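A.B. asks: got a structure for you, letters missing:
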Ligand code: UD1
């Protein structure tokens, strides 16, 4: 099943142009002279009004799913105007945090079986919130137990470290934000620009995957390092200056043509990626990091598909 690949993680990284195509298929409406470009999420269309009117949206998940939701939080607030809060499922349960009937709770889980997320679903249901699922697995407990939702359609993911499910989750939550914002005329240009970029996304990902060899070489340079610090934020220049002052070895991922502005004093390695709308840039930027993580792990002799002490989906509390 791994085909020409050595590991599932490698296969799943390289599958992303196809998995994203399937995620987006049938869900982006190109529009015409009379009709704006729009998004169609079959599973949500009857619930959008309720979600727009909710007092807040809670994103609830664990691990990578939580982080995919975090990556789309700002866009959802921007386009829907509804406040979005983030909850790690176990923490919500430990606190017995307040949830109200006027809330929309969005449960994000690749497998749809994550124990903590499922328990949080029962908890939110008992408080009367509208429960929305975002999962990769049709027929899973979360898919069945939520009031409505969206299947991410990324195809089966076997590698424990999530790659294609993560990028498809971000794509789906971006479409969720677009769908929620659809009744607002003032954001139409922004929404259409995002839809244009989503249509380009599979090709862009294919282009970034050509960094594979470069990332393998970089992994060879880094394989004996003790630690690797990752920094990411909207403004990075001051962080870069401080790291340079401390003689840090800088590896910079930036948009094409931005290297001279982002790090005027140079860096030991610059990785340039195509630039898309800010909200979907995470899908592009993660690709070189996935490749680096993969090659570093293999070079260091660890089990890349099943890292020790980690399960693909945690189905016990
Ligand atoms: C659906 C079909 C798809 C078909 C398309 C054609 C299924 C599973 N999907 O996709 O095969 O090509 O119509 O229009 O038959 N749901 C939840 N919770 C979740 C995820 C989904 O309740 O966590 C519900 C949705 O609200 C919806 C149903 O499951 O009622 C299917 O969701 P989804 O597959 O995302 O819908 P479509 O994209 O319309």
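C.D. replies: The structure has been received and is ready for your questions. Since the model is a prediction, treat every value here as computed from it, not as a measurement.
A.B. asks: give the bridge partners for residue 130, please.
C.D. replies: Here residue 130 sits in beta bridges with residue 104, going by DSSP bridges.
A.B. asks: I meant to write residue 87 there.
C.D. replies: Beta-bridge partners for residue 87, by DSSP bridges, are residue 60.
A.B. asks: what does the helix ranked longest in the chain rub up against?
C.D. replies: The residue-count maximum for a helix in the chain (DSSP state H) belongs to helix 188-208. Contacting residues not belonging to helix 188-208 are listed as 16-18, 20-21, 24, 28, 30-31, 36-39, 75, 79, 167, 171, 174-175, 178, 181-182, 273-274, 276-277, 279-280, 283-284, 287-288 [CB atoms under 8 Å, 6 or more residues apart in numbering]. Quick note: C-beta positions are derived from backbone N, CA and C, even for glycine.
A.B. asks: which stretches of the stretch 101-250 of the chain form helices?
C.D. replies: Assigned by DSSP state H, counting those that start in this stretch, the stretch 101-250 of the chain shows helices spanning 115-126, 141-145, 164-180, 188-208, 212-222, 237-245.
A.B. asks: mind putting those helices into JSON lines with distance to the ligand, mean pLDDT and mean neighbour count?
C.D. replies: Below are the helices of the stretch 101-250 of the chain laid out as JSON lines (distance: least, CB to the nearest ligand atom, whole Å; pLDDT from 0 to 100; neighbours: other CB atoms under 10 Å):
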{"stretch": "helix 115-126", "distance to the ligand": "10", "mean pLDDT": "97", "mean neighbour count": "20"}
{"stretch": "helix 141-145", "distance to the ligand": "4", "mean pLDDT": "98", "mean neighbour count": "19"}
{"stretch": "helix 164-180", "distance to the ligand": "8", "mean pLDDT": "98", "mean neighbour count": "26"}
{"stretch": "helix 188-208", "distance to the ligand": "15", "mean pLDDT": "97", "mean neighbour count": "18"}
{"stretch": "helix 212-222", "distance to the ligand": "31", "mean pLDDT": "97", "mean neighbour count": "15"}
{"stretch": "helix 237-245", "distance to the ligand": "38", "mean pLDDT": "84", "mean neighbour count": "13"}
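A.B. asks: residue 309: which of those helices is closest?
C.D. replies: helix 115-126 (16.7 Å; CB to CB).
A.B. asks: show me the contact partners of the closest one.
C.D. replies: With CB under 8 Å, 6+ apart, helix 115-126 has contacts from 58, 60-62, 65, 87, 89-90, 92-93, 96, 99, 103, 105, 107-109, 131, 133, 141-142, 145-146, 314-317.
A.B. asks: how about the residues of the stretch 1-150 of the chain that lie near the ligand?
C.D. replies: For the stretch 1-150 of the chain, the contact set with the ligand under CB under 6 Å from any ligand atom comprises 42, 43, 133, 135, 138, 142, 143, 146, 148, 149, 150.
A.B. asks: which among these count as buried?
C.D. replies: When these are checked for burial by 16 or more other CB atoms under 10 Å, the buried set is 43, 133, 135, 142, 143, 146, 148, 149, 150.
A.B. asks: for the last one, what are its contacts?
C.D. replies: With contact taken as CB under 8 Å, 6+ apart, residue 150 is in contact with 41, 43, 44, 132, 133, 134, 172, 175, 176.
A.B. asks: equivalent analysis for the second one, please.
C.D. replies: Residue 133 is in contact with 106, 107, 109, 112, 121, 142, 143, 145, 146, 148, 149, 150, counting by CB under 8 Å, 6+ apart.
A.B. asks: thought residue 80 was touching residue 182?
C.D. replies: No: taking contacts as CB atoms under 8 Å, residue 80 lies outside contact range of residue 182: 9.7 Å.
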